[in-house]
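1. sequence and predicted model, in that order:
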Amino acid sequence: IGSIVGVLIIEKFGRRTLLMGGLTALGASLVGMSLVALFARPTLYITMLILITFFAFVFQIGPGCIYFVVITEVSAPQLKTYTYALGNLCRYGFELLAGVSYFSLSEAIGTPGLLGIYAAVAFGCFECI
């Protein structure tokens, strides 16, 4: 659903606005998840579920949707297929790496700390734009 919304509003707000807004919302939801994990109580689990759902939705509106637009604009027509392949390799490779390393890292530094690091990365990406 978020991808459809992103495609529909990308021309109205622009790529940069969607990307910056998406990264800000991603960072804010990660900070919220970190705080919920820090004060782990059964009553807060529904809040964590809402934040995870919000994270997924905002990702599809911002960075998830913009990725394909940027790939088509920056690559030369004869290299477009290779650019897509390399971009998808990096994207899915890092997603796999984050998924595989999550539990060992969360045991080493704790879930709140790991989510805080993810939030710092999101806000760091915002600064690069």
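-> Looks like it arrived, so ask away.

2. run through the neighbouring helices and strands of the helix or strand of the chain with the lowest mean pLDDT.
-> Averaged element by element with mean pLDDT, DSSP states H and E, the chain has its least confident helix or strand at helix 63-74 (a mean of 75). Judged by 3 or more CB pairs under 8 Å, 6 or more residues apart in numbering; DSSP states H and E, the packing partners of helix 63-74 are helix 2-13, helix 15-38, helix 80-109. (Glycine included, C-beta is placed from N, CA and C.)

3. so which of the ones you listed is the most packed in?
-> Of all the helices and strands packed on helix 63-74, helix 15-38 has the most neighbours on average by mean count of other CB atoms under 10 Å, namely a mean of 19.

4. can you name the element that comes right after that one?
-> Using DSSP states H and E, the helix or strand that directly follows helix 15-38 along the chain is helix 45-61.

5. nearest the geometric middle of the protein, what residue?
-> Centroid-nearest residue in the chain, with CA atoms, centre = their mean: Phe59, separated by 4.8 Å.

6. and the gap between the closest residue to that residue other than its chain neighbours and Ala76?
-> Spatial nearest neighbour of Phe59, chain neighbours left out: Leu26 (6.2 Å); criterion: CB to CB, 6 or more residues apart in numbering. Distance of Leu26 to Ala76, given as CB to CB, to the nearest Å: 30 Å.

7. and if you look at Gly99?
-> From Gly99 over to Ala76 (counting by CB to CB), the distance is 33 Å.

8. same thing with Arg91?
-> When distances are taken as CB to CB, Arg91 and Ala76 turn out to be 20 Å apart.

9. no further queries at this time; thank you.
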